[in-house]
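*Asks:* okay, predicted coordinates and the sequence, questions at the end:
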Amino acid sequence: YKPGTVTDFEIPKKYGLRQTIADTLGIGGIMRGLRTLHVFEEMLSDMEASDPPPRNIRLLQGDARPLLDQLPDDSIARAFVLFPDPWPKKRHHRRRFVAPEQLDALARIMPRGAELRLATDHTGYLRWMLFHLLAHPAFRWLAQGPDDWRRRPDDWPATRYEEKARGKGISPTFLRFERV
């Protein structure tokens, strides 16, 4: 991590170009998206049609966990975990991304002062996220009041999952944690 370079690390289930561009604004911005093949095709088509086409995007299809092990220490200034699969059945909770092992890996690749942003529309997963993040010594919740988790920050573009949740009358929750 160098002061003149901001590296964002997004871990959504899927999303298109609008999020990608938002996450790569600025010199040296890097977005690593983990997506399904048809979403890759859609993103590439959208990128080709944009004017000018973004040049600082790196795409990866796959699970984020092995990638985290490959990244250098203190290399990610901002990480996004946006609407991850909640795996609602208790027997599947071990598959949830927000867990001590992944939080340890994120803590390693994020320098002090880096920001971890999470969003969910699933109350069970929200409780799970808060339980694990509040217990983790490397992260501090930045919320000062209810608006801090009820309202998406202005520099955090909406995702398809947020729009789907709002369409169903569900208010997503937005969490911001600082690496300490």
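*Replies:* The structure has been received and is ready for your questions.

*Asks:* where along this protein do the strands fall?
*Replies:* Ranges of strands in the chain, per DSSP state E, are 8-10, 32-34, 58-60, 78-82, 115-120, 139-141, 173-179.

*Asks:* which residue of the protein lies farthest from its centroid?
*Replies:* Centroid-distance maximum for the chain: residue 51 at 25.6 Å, with C-alpha atoms, centre = their mean.

*Asks:* closest one to residue 44 among the strands of the chain?
*Replies:* Among the strands of the chain, the nearest to residue 44 by C-beta to C-beta is strand 58-60 (8.0 Å). In this view, the C-beta of every residue, glycine as well, is placed from N, C-alpha and C.

*Asks:* quick one: average confidence on the closest one?
*Replies:* Averaged over strand 58-60, pLDDT sits at 63.

*Asks:* burial count for the residue nearest to residue 87 when sequence neighbours are not counted?
*Replies:* Nearest residue to residue 87 in three dimensions, chain neighbours excluded: residue 95, at 4.8 Å (C-beta to C-beta, 6 or more residues apart in numbering). Counted with other C-beta atoms under 10 Å, the neighbours of residue 95 add up to 12.
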